[in-house]
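> Following is a predicted model, sequence given first.
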Amino acid sequence: ARDHSLSELPITSRRHLELVQTLRGEDSPTVFSLLDTCQTSMGSRQLKRWLLEPPRERSVAQQRLDAVAALQGPNGVGPWKALRDAFKGVTDVGRVGARIALRQVRPRELVALGHSLQQAQQWPSLLPATDMLQRIGADLQMDPACAALIAASLLPDPAALVRDGGVIAHGHDAELDELRAIQTNCDDFLLDLETRERARSGIANLRVQFNKVHGFFIEVTQGQVDKVPDDYRRRQTLKNAERFITPELKAFEDKALSAQDRALAREKFLYEQLLDSLQAFVPALTQVAWGLATLDVLATLSERALTLNWCAPELVNTPGISITQGRHPVVESRLGETGGSFIANDTQLGPSQRMQIITGPNMGGKSTYMRQVALIVLLASICSHV
């Protein structure tokens, strides 16, 4: 359902203010590209949503501004930097939660989710005591059983896909461990068999090998074929060698190949069971994702205000706009890259002066001035410094 406390900006306003795309349809330079230094994709999506759907209620913007000020702290030494550093490496909890619900999540995504949830448990202690930040801290306090379940079920570095095997943790399932042991002991058995067959046949260069086409076989060069024992059965003839199978090797082959297929099937079954168990955590993951995204945006806006030398807007209950030495954020940023400087402008609008007539030559800055006022008001509405 749509949140009616938000005001979705018209398409024409988005386009002419170049919020997320330039007039040429490019992603940069825009207001969003200037603001977006978020550490996570969740934060970037949240920031774009705030920019395109500013809140109607000024109390919402004021709560966000209070949170940004608290994160900045006196002289910019608040916890914003520690939080931004902590966000590095955090996975997209929102997307992973959705993929869990759809049962399309990959093993490595689950491992990354577990690590991110464990990290998030430490962050509430870093948050200052504002109403909004305390609510976010409460959202991050998820049941640790989710991360514990993932850690107990999956290997620390699983295969990319379940069908490749090597996903479920050792010790998690006795049947799987037994099947894996058969595969693990395969090399030891083959080396022992090779040693015994060399001694039994007197063929010094006899080799026991395996390939995916012919399975296991004993390879003997053509010059030693006359020494082959009677129980050897020819499997393949090559130009310079013969390949054989013995009853003992055939029995081991059936056991080893069967164990590999059964282990893979068992891993798939256990992974599906894990997804069943994780379904109960999906609503909580959605809540954690919102908290992480919001905290990332607030820390980003703290960084942008300090880096760009912006000031906190003052929200009032009476109609009016009072801007002193205002600058267009994107134009100023572009001029700074080329060594230029932006000429600041004042704007005073209120009950006694509700309109201004702007005149001047072409390319004199009229449109830039009007867009500047609109952007300053919009940024203030979403809680950004201006």
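Yes, it's here. Predicted model only: the values in this text are computed from it and were never measured. Numbers count the residues shown, from 1 in each chain.
> could you say what helices and strands the lengthiest helix in the chain packs with?
Longest helix in the chain, counting residues (DSSP state H): helix 247-278. In terms of contacts (3 or more Cβ pairs under 8 Å, 6 or more residues apart in numbering; DSSP states H and E), helix 247-278 is packed against helix 107-120, helix 145-153, helix 174-184, helix 186-201, strand 215-221. No exception for glycine: its C-beta is placed from N, CA and C like everyone else's.
> Make a markdown table out of the ones you listed and add mean neighbour count, distance to Glu53 and mean pLDDT.
Converted to a markdown table, the helices and strands packed on helix 247-278 look like this (neighbours: other Cβ atoms under 10 Å; distance: least, Cβ to Cβ, whole Å; pLDDT from 0 to 100):
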| stretch | mean neighbour count | distance to Glu53 | mean pLDDT |
| --- | --- | --- | --- |
| helix 107-120 | 21 | 25 | 94 |
| helix 145-153 | 18 | 30 | 95 |
| helix 174-184 | 15 | 48 | 84 |
| helix 186-201 | 14 | 59 | 89 |
| strand 215-221 | 20 | 62 | 92 |
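> Tell me where the stretch 251-386 of the chain has strands.
321-326, 345-349 (DSSP state E, counting those that start in this stretch).
> To Ala152, which of those lies closest?
Proximity to Ala152 (Cβ to Cβ) singles out strand 321-326 among the strands of the stretch 251-386 of the chain, at 56.4 Å.
> for the record, mean pLDDT for the closest one?
The average pLDDT within strand 321-326 is 94.
> if we can go back for a sec, list the buried residues in the longest helix of the chain.
Neighbour-count burial for helix 247-278 flags 249, 252-253, 256, 259-260, 263-264, 266-267, 270-271, 274-275, 278 (criterion: 16 or more other Cβ atoms under 10 Å).
> Report the buried residues of stretch 332-345.
Per 16+ other Cβ under 10 Å, stretch 332-345 contains these buried residues: Glu332, Ser333, Phe342, Asn345.
> Adding distance to Gly94, write these out as TSV.
TSV is the format used below for those (distance: Cβ to Cβ, whole Å):
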residue	distance to Gly94
Glu332	33
Ser333	29
Phe342	37
Asn345	40
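> Mind checking which of the residues you listed land in helices?
Glu332, Ser333.
> right, and Ala241 touches Thr221 too?
Yes - here Ala241 reaches Thr221: they are 5.2 Å apart, a contact under Cβ atoms under 8 Å.
> Check the spacing between the nearest residue to Val162 once chain neighbours are set aside and Gly166 real quick.
Nearest residue to Val162, sequence neighbours excluded (Cβ to Cβ, 6 or more residues apart in numbering): Tyr271, at 5.0 Å. For Tyr271, the distance to Gly166 (Cβ to Cβ, to the nearest Å) stands at 12 Å.
> before we move on, the earlier item: among the buried residues of stretch 332-345, which pair sits farthest apart?
Spatially, the most separated pair among these is Ser333 and Asn345, at 16.6 Å (Cβ to Cβ).
> What distance do you get for the most far-flung residue of the chain relative to its centre to Ser201?
Going by Cα atoms, centre = their mean, the residue of the chain most distant from its centre is Asp226, 63.1 Å out. Separation of Asp226 from Ser201 (Cβ to Cβ): 10 Å.
> now swap in Ser59 and tell me
In terms of Cβ to Cβ, Ser59 sits 89 Å off from Ser201.
> Arg108 now?
Noted for Arg108: a distance of 47 Å to Ser201, by Cβ to Cβ.
> And Ser5, what's its pLDDT?
Taking Ser5 on its own, its pLDDT is 59.
> Give me the contact list for stretch 31-44.
Stretch 31-44 is contacted by residues 17-20, 27, 46-48, 51, 84, 87-88, 90, 92-95, 289, 292-293, 296-297, 299-301, 303-304, 308, 329-330, 333, 375, 379, 384 when judged by Cβ atoms under 8 Å, 6 or more residues apart in numbering.
> which of the residues in that stretch are buried?
In stretch 31-44, counting by 16+ other Cβ under 10 Å, buried: 31-40, 42-44.
> Please apply the same query to stretch 344-356.
Residues Asn345, Thr347 are the ones in stretch 344-356 that count as buried (16+ other Cβ under 10 Å).
> Centre of the chain to that stretch, how far?
Stretch 344-356 sits 45 Å away from the centroid of its parent chain (Cα atoms, centre = their mean, to the nearest Å).
> Please enumerate residues in contact with that stretch?
When contacts are defined by Cβ under 8 Å, 6+ apart, stretch 344-356 is touched by residues 318-327, 369, 372-373.
> ok, 7 Å please
Contact with stretch 344-356 is made by Pro319, Gly320, Ile321, Ser322, Ile323, Thr324, Gln325, Gly326, Arg327, Tyr369, Gln372, Val373, as judged by Cβ atoms under 7 Å, 6 or more residues apart in numbering.
> Make a PyMOL selection of the buried ones in those residues.
Typed into PyMOL, the line below selects the buried ones among these, using 16+ other Cβ under 10 Å:
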select buried, resi 323+326+327+369+372+373
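> Now do the same contact list for Glu267.
Taking Cβ under 7 Å, 6+ apart, one finds Val162, Gly165, Val167, Ile168, Leu176 in contact with Glu267.
> Now the buried members of these.
The neighbour count (16+ other Cβ under 10 Å) marks Val162, Gly165, Val167, Ile168, Leu176 as buried among those.
> quick one: which of these sit in strands?
Among the buried ones among the contacts of Glu267, no member falls in strands (DSSP state E).
> Now tabulate the buried residues of stretch 31-44 in TSV and tack on secondary structure and pLDDT.
Formatted as TSV, the buried residues of stretch 31-44 follow (DSSP: H, G, I helix; E, B strand; the rest coil; pLDDT from 0 to 100):
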residue	secondary structure	pLDDT
Val31	helix	95
Phe32	helix	96
Ser33	helix	95
Leu34	helix	96
Leu35	helix	96
Asp36	coil	96
Thr37	coil	95
Cys38	coil	95
Gln39	coil	95
Thr40	coil	94
Met42	helix	95
Gly43	helix	95
Ser44	helix	96
